[in-house]
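K.L.:
pasting the structure only:
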Ligand code: GRF
């Protein structure tokens, strides 16, 4: 059985959708731990409600980024995860940390990458006049939000949308997209091609509309 460690900083709704999919779909995997850099993250409460192991590695207890990353990776590695899942984890990670998890760490970003890396994606999509927005699940590489795309979900930007309304529409899709991609990974269905891109070997669409 494969082991997942999920990292959260806030609300944790993606973590909940992953944990519930794992249970209801009978994945050959278990959530070994949910780890947060913020002791007050709502996601920790949600994880405990689901009877998952939780841990806090508080970034404020570490003066330097690499010290925090060392403490975080020590906490993660104690669970010997096959896959590290970033689910609303709001820390920039050092190159050494990211390289340690090459090919076994993924993230969800609330935009159609490569558009709108970084923060405030929904505001930026609206003010750019985009007619579509969405979310991307990607492998994590040292370049921020720049790793190979595993799957994307698209939603319309509707007249009168503000960032909150658009975020809610995107989030609903995130909750479908992220578990789907993790399951592909667990089932060994994601194959990296010579050009670095990932394809699903079953031929299923990597675009969720
Ligand atoms: C999601 O929109 C995700 O795409 C982004 O942060 C948000 C996390 O939400 N990385 P939640 O904590 O999973 O509810």
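P.N.:
Yep, that arrived. These figures come from a predicted structure and were not determined experimentally.
K.L.:
Whichever residue of the chain sits closest to the ligand: neighbouring residues, count only.
P.N.:
Proximity of the chain to the ligand (C-beta to the nearest ligand atom) peaks at residue 88, 2.7 Å away. Every C-beta, even on glycine, is put in place using the N, C-alpha and C of the backbone. The number of residues packed near residue 88 is 21, by other C-beta atoms under 10 Å.
K.L.:
Identify the residues contacting it.
P.N.:
8-15, 43, 108 (C-beta atoms under 8 Å, 6 or more residues apart in numbering).
K.L.:
Give me the buried entries from those.
P.N.:
Neighbour counting by 16 or more other C-beta atoms under 10 Å classes 8-15, 43, 108 among the contacts of residue 88 as buried.
K.L.:
In this structure, which helix is the longest?
P.N.:
When the chain is parsed with DSSP state H, its longest helix is helix 163-186.
K.L.:
tell me the mean pLDDT for it?
P.N.:
Averaging pLDDT along helix 163-186 gives 98.
K.L.:
Which strands and helices lie in contact with that helix?
P.N.:
Helices and strands touching helix 163-186, by 3 or more C-beta pairs under 8 Å, 6 or more residues apart in numbering; DSSP states H and E, are helix 13-24, strand 83-86, strand 105-109, helix 121-127, strand 132-139, strand 149-156, strand 207-208.
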